[in-house]
Each structure stands twice: as C-alpha cells, then as structure tokens.
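Chemist: Build the 3D model from these lines:
(one chain, ligands or ions: 2)
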Amino acid sequence: MSAAGCDRSDLCAELSGATDTEFHATYPDGPLSRELTMTPTAAAVVDLSPMMAGHCLLLPRHHFLSIAETLEDRSVEFASFLQSFTSKYGQIFGEYVLVEHGSTHGMNRSACVSHAHLHAVPLRAELILDEMTRDGLVFRDLAGWSDVGRLASGDLPYYLVAGASQVSVCVGPQRMQSQYFRIVVGRVLGISEGECDWSVVIRRGLLAETIERWHFESYCTPY
Ligand SMILES: [Zn+2]
Ligand SMILES: [Zn+2]
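Modeler: Ligands and ions are numbered 1, 2, ... in the order given. Purely as a prediction, here's the structure:
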C-alpha cells in the first residue's frame, strides 16, 4: 500500500462497472453502487468507510496520479465538474473542505490506490488547515484551481486543502503518513486514531446516509 493511499480501492475497475471490487467485497449486501454523480470524464463516489455523513471522493475516470495532472488535461474539464458538484454538495451538507494527498510517479506506480482523488467532507477548511499546520506542514495560498495544474510539472507529492473560496498547498512534505487525512478528520471529530483506520472501523451506515441525502435533495432542490 502506498504511503499516501487511503484504502484499497480499485477505482479504475469500479468506475468501469466491474463488480469484483473492494467496494463490492466490503458491501456484499449492497448498495450496488456508491456513485453520487458521473460525467463522461469524472465521478463522485462515497468514501468506502466515511468518517462522517457526506464524506466522498471526487475523481477523474481516467487513471491520473494527482488532481494537478487531472486539471492539466483540459479534455477532462475537472474544474467545471468541481464547480457543479460543490455547488450542490454545499446546499446539502453545508460548509465543506476538499483535501488531496497527492501521489506522484515516484511513488507507488502500479497500485490503483494512487488513482487521483479529492476527499470532500462537510467541515470548515480552517479546522483541517489548523490541524495540519500544528503537525508542522507549511501551507501557502494559491490564486485558485488554475494554479493547481502547474504543480504537476514539479512531480512532487503535495497536500492540498481547499474551501469554497480558497486553495492552499503544502508541496514536498517531509513524510506522508498512511491514512493521514482520516486521522486529521478524526481529531476534529474526536475519533481516536485507531478508529480512523478504514479497515478497522467501516461506517456502513454513513455511506447509506450520504447516498440517501444526496438523492433526496435531488428530488427536492431545483438543480
Ligand atoms: Zn484518499
Ligand atoms: Zn485507477
């Protein structure tokens, strides 16, 4: 497992419709899919073991290693996908933060666990930034998402933390702890580190609740 990986998801297979995946093995009794929305090039799925209701992953359907690489490829139109997804997400779950623990070509190349993804959780971005800063990570603000694509050329691992109106990055952190993002969210929510491990505690009820709320709002909210 790559240091930056957050679960064993075989996302490429899952997004192309395979049913012998980590998701199906973890949820043998359903639901059949954890997808919230899908375009020809991007998708949003609920995290395999959500830390809280609303915890989901935003990702390109093609196998990129980072969101920086994804944004650099204009054919994916990931920036506009982000915009439309987050506007609905904010209406349903309220204030949110998007986080990436980006991998690079220098890290675990073969595992699909390094499939580029952003985590979305309904927490204030400052809470996450404060925790990570306390851990010694140094963030700087970018002008916006258009600047994120430029990180791809550096081929350095990075952390990205974004709210509705700000994007911050920490490029080349000293080390990237396994499941670090989950641990940070756990600290904010008062969940002990051991219980943040997705393979130890799987919060199946939160996955179901996230799917329900997303689709319920779809019927009730003009969008
Ligand atoms: Zn992750
Ligand atoms: Zn993949």
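Chemist: burial measure for residue 97, as a count.
Modeler: 23 (other C-beta atoms under 10 Å). From N, CA and C alone the C-beta is placed, and that goes for glycine too.
Chemist: Bridging across strands, which residues link to it?
Modeler: Judged by DSSP bridges, the bridge partners of residue 97 are residue 121.
Chemist: Is it in contact with residue 123, as I believe?
Modeler: Yes. Using C-beta atoms under 8 Å, residue 97 is in contact with residue 123, at 5.3 Å.
Chemist: Residue 116: what secondary structure?
Modeler: With DSSP: H, G, I helix; E, B strand; the rest coil as the basis, residue 116 sits in coil.
Chemist: ugh, typo on my part, it should be residue 138
Modeler: Per three-state DSSP, residue 138 ends up coil.
Chemist: per-residue pLDDT, it?
Modeler: On the pLDDT scale, residue 138 is placed at 95.
Chemist: What ranges does this structure have for its strands?
Modeler: With strands called from DSSP state E, the chain shows them at 35-38, 42-46, 56-60, 97-102, 118-121, 140-142, 158-162, 167-171.
Chemist: So which bits of the third one are buried?
Modeler: Just to be clear, that refers to strand 56-60. For strand 56-60, a neighbour-count test (16 or more other C-beta atoms under 10 Å) marks 56, 57, 58, 59, 60 as buried.
Chemist: One more: the fifth one?
Modeler: If you call a residue buried by 16+ other C-beta under 10 Å, then strand 118-121 has these buried ones: 118, 119, 120, 121.
Chemist: Distance check, the second one against ligand 2.
Modeler: To tie it back to what came earlier, the one meant is residue 119. Taking C-beta to the ion, to the nearest Å as the measure, residue 119 falls 16 Å from ligand 2.
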